[in-house]
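Chemist: Provide a 3D model corresponding to the input given below.
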Amino acid sequence: MDILTASWVVPVAGEALRDGRVAVGDGRIAWVGRAGDPGEPKAPVRDLGSAILLPGLVNAHCHLELSHLAGRLPFGGGFVAWVEALVAARGSDDEASVRARAAQAIRDLEDRGTVAVGDVSNSLVHLDLLGASRLSAVVFFELLAWDPARAAATLEWADRRLAGLDGTVAPNVRVRLAAHGPHTVSPPLFAGLVARGGPAAMHLAESPDESHFLATGSGAWPGFLERRGLGHVAFALPGLSPVRYVDSLGALPRGLVAAHAVQADAADRERLARRGVHVALCPRSNRNLGVGTAPAPELLAAGVGLCLGTDSLASVESLDVLEDAKLLHRQFPDLDPAVIVRMATLGGAEALGFADLGAIARGRRAALAWAPAPAAVDDPCRYLLSGDARLRRVEA
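Modeler: Alright, predicted model coming up:
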């Protein structure tokens, strides 16, 4: 057993502790407090000095298999133009290159204090890389097919792919079926996912193009479908918001991780809270793609569980979720910094179902991060969001 000490310990599940201490044994938290507090074990002390110790970060929404597209897609032309560029570019590299960039992205996540990820994948070609890492991962096996005629074949293919994974996935990796979004998944495909207990995740209410398409059939999305050879697909216009449309299909199960929710109005927010949906905010990706800013304070007020994600390196500069926490703080300076830090840690752990991550509390895994900090810091969470903090993982 060892005792870690720092000028600040941020347990997330409780108040920050100045000159706090954390006892760690066999990879678990054994005790949290200050020097001399009841129950403090006798053990060697490892002093991190003037620093902030906190739970490791949880990136609840990313796409590791798109890491090979870093810096290759333009951001300024709007959401649909970016999607078209992504579709055109993603098949340009061979599998070895895709895996190599995914492997580097995993190393970067580990180096910057991330301990768990919610990773969206259409191919599952990097499961072994995640399995060999120190990350805990939920991989959302994402299905998309707008043509209802392709729903049965898509589901059969996914069933075979998952069956072929039996006995091959490392203990730190879970694979769950997911949908891409309401503007790319047909009602029969949604029905198949619901019949299989899903979907576990989806992109939801991300862009005005998605919302306009589902509400009125307008916007740029119909043109994209036409150019993709899908203009012939008949679709009964729901005339609903993305959230209400998906709910009408029975596809908002409790525990769903919905990425973005930028276009969620008051009725949508109430519905998300009532259904027990977790929303993964991705501030930098939303900013870069020009889709708007998610109403974080209003989502919180409605009772929606919030976490943070980065999205992919095709739409952001790094997979460091602390950068998204910093931007969220700049967007909503009146939001309590401790609430934002919770989103980046415990909120993500709750969304992904990692009950022993996200907080420094007895019995939880000692998957921790730390950042050097000036001695004069009197609000550790605000400092973490200041732009000056640089997190790293606490090594055993």
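Chemist: from the chain's centre, how far out does stretch 117-129 sit?
Modeler: Distance of stretch 117-129 from the chain centroid (CA atoms, centre = their mean, to the nearest Å) equals 13 Å.
Chemist: same for the longest helix seen in the chain, what does it pack against?
Modeler: Longest helix of the chain, by residue count under DSSP state H: helix 95-111. Packing contacts for helix 95-111, counted by 3 or more CB pairs under 8 Å, 6 or more residues apart in numbering; DSSP states H and E, involve helix 127-131, strand 392-393. Every residue, glycine included, has its C-beta placed from N, CA and C.
Chemist: Just tell me which of the ones you listed ends up closest to residue 283.
Modeler: Across the helices and strands packed on helix 95-111, residue 283 has its closest neighbour in strand 392-393 (22.4 Å, CB to CB).
Chemist: Quick one: list the elements packing against the closest one.
Modeler: With contacts taken as 3+ CB pairs under 8 Å, 6+ apart, strand 392-393 sits against helix 95-111, strand 368-372.
Chemist: Send me the last one as PDB with only the CA atoms.
Modeler: As requested, the backbone C-alpha atoms of strand 368-372 are provided in PDB (Å, rounded to 0.1, in the frame of the first residue of the first chain):
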ATOM      1  CA  LEU A 368      -6.200   8.500 -11.200                       C
ATOM      2  CA  ALA A 369      -4.800  11.600 -12.900                       C
ATOM      3  CA  TRP A 370      -2.900  14.600 -11.600                       C
ATOM      4  CA  ALA A 371      -1.700  18.000 -12.700                       C
ATOM      5  CA  PRO A 372       1.000  20.300 -11.200                       C
END
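Chemist: ok, and what's touching that strand?
Modeler: 4, 6, 22, 48-57, 113-115, 360, 384, 389-394 (CB atoms under 8 Å, 6 or more residues apart in numbering).
Chemist: The first one now?
Modeler: Counting by CB under 8 Å, 6+ apart, helix 95-111 makes contact with 59, 64-65, 67-68, 70, 117, 125-126, 129-130, 133-135, 313, 318-320, 392-393, all of which sit outside it.
Chemist: Excluding sequence neighbours, find me the nearest residue to residue 175.
Modeler: residue 139 (4.9 Å; CB to CB, 6 or more residues apart in numbering).
Chemist: the strands in the stretch 201-350 of the chain, which residues?
Modeler: 201-204, 257-260, 278-281, 305-308 (DSSP state E, counting those that start in this stretch).
Chemist: same thing with the stretch 1-150 of the chain?
Modeler: With DSSP E, counting those that start in this stretch as the criterion, the stretch 1-150 of the chain has strands spanning 2-9, 17-25, 28-34, 45-47, 51-55, 57-62, 114-121, 136-143.
Chemist: about what we covered before: just name the most buried of the helices and strands packed on helix 95-111.
Modeler: Across those, the average number of neighbours (mean count of other CB atoms under 10 Å) peaks for helix 127-131, which reaches a mean of 19.
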